[in-house]
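Trainee: this one's structure only:
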């Protein structure tokens, strides 16, 4: 059986430097996505979205592993895009107004038909609340700046500022949405050791 470690193959996208901001070109990739709004710390909608994304991602993984392709791969980490209608009001002080898009990247051999099959299987077994909101789409960010943040989410501020300063000093402007990639299992890992990729597209 063939085994693929996509985080290793896409190391430039999923394992940036901790010490300095890096430029990266993010190609188009396919994702399972769920959109929502509200404080991620208190929102049941947020937790429901995560359940739906992981349920389908693991269903697809086992379909591929047991099917004709016979490929074993690790499910990719949870990613989040964050924004408000007026980005000048985007702050940790008003999380209830935050909008978000949670995503999990899927290998290029995953098709829409396979996703629909996985959705039917999961619906029959446990039917997560946010399953009807889930969709399968391509997403391309292009040029972006990123860095690895180590520590709790509440301490991301200086790291985000470092990314923004890098973009401004490069003579570029931020565009698109604030992007985070969650590499740690926050249910088990020490918050001081949480690893989060902080990414911001620019033009």
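Mentor: That came in fine, so what should we check first? Just so we're clear, the structure is a prediction, and the values are computed from it rather than from any experiment.

Trainee: for stretch 117-129, buried residues please.
Mentor: Neighbour-count burial for stretch 117-129 flags 118, 119, 121, 122, 128 (criterion: 16 or more other CB atoms under 10 Å). C-beta: built from backbone N, CA, C; applies to glycine.

Trainee: and the contacts of it?
Mentor: Defining contact as CB atoms under 8 Å, 6 or more residues apart in numbering, one finds that stretch 117-129 is touched by 48, 51, 52, 55, 56, 59, 60, 63, 131, 134.

Trainee: who's sitting farthest from the centroid in the chain?
Mentor: residue 68 (28.3 Å; CA atoms, centre = their mean).

Trainee: and it, how close does it get to residue 201?
Mentor: With distances taken as CB to CB, to the nearest Å, residue 68 is found 37 Å from residue 201.

Trainee: on that earlier part again, from the contacts of stretch 117-129, which two are the most distant?
Mentor: Using CB to CB, the contacts of stretch 117-129 span at most 22.8 Å, a distance reached by 48 and 63.

Trainee: quick one: the helices in this protein?
Mentor: Along the chain, the segments classed as helices by DSSP state H run 6-9, 11-14, 44-66, 112-125, 157-169.

Trainee: next one: phi and psi at residue 10?
Mentor: For residue 10, the backbone dihedrals are phi -110, psi 40 (criterion: degrees, to the nearest 10).

Trainee: roughly how far apart are it and residue 67?
Mentor: Residue 10 is 23 Å from residue 67, by CB to CB.

Trainee: and these two? Which one has more around it.
Mentor: residue 10 (15 against 10; other CB atoms under 10 Å).

Trainee: quick one, what contacts that one?
Mentor: Neighbouring residues of residue 10 by CB under 8 Å, 6+ apart: there are none.

Trainee: what's the domain layout of the chain?
Mentor: Following automatic domain parsing, the chain resolves into domains at 1-27+142-203, 29-139.

Trainee: worst mean pLDDT among those?
Mentor: In terms of mean pLDDT, the lowest-scoring of those is domain 29-139 (a mean of 91).

Trainee: next one: it to chain centre, how far?
Mentor: 8 Å (CA atoms, centre = their mean, to the nearest Å).

Trainee: span of that domain from start to end?
Mentor: 6 Å (CA to CA, to the nearest Å).

Trainee: what do you get for stretch 39-46?
Mentor: With CA to CA, one end of stretch 39-46 sits 8 Å from the other.

Trainee: any of the contacts of stretch 117-129 buried? List them.
Mentor: Buried members of those, counted by 16+ other CB under 10 Å: 48, 52, 55, 56, 59, 60, 63, 131, 134.

Trainee: the fifth one: what's its closest spatial neighbour, skipping adjacent residues?
Mentor: In this case it means residue 59. Closest residue to residue 59 apart from its sequence neighbours, by CB to CB, 6 or more residues apart in numbering: residue 118 at 4.0 Å.

Trainee: next one: that neighbour from residue 199, what distance?
Mentor: Counting by CB to CB, the gap from residue 118 to residue 199 is 27 Å.

Trainee: in the sheet, who's paired with the closest residue in space to residue 76 that isn't next to it in sequence?
Mentor: Of all residues not flanking residue 76 in the chain, residue 105 sits nearest, at 4.4 Å (CB to CB, 6+ apart). For residue 105, the beta-bridge partners under DSSP bridges are residue 31.
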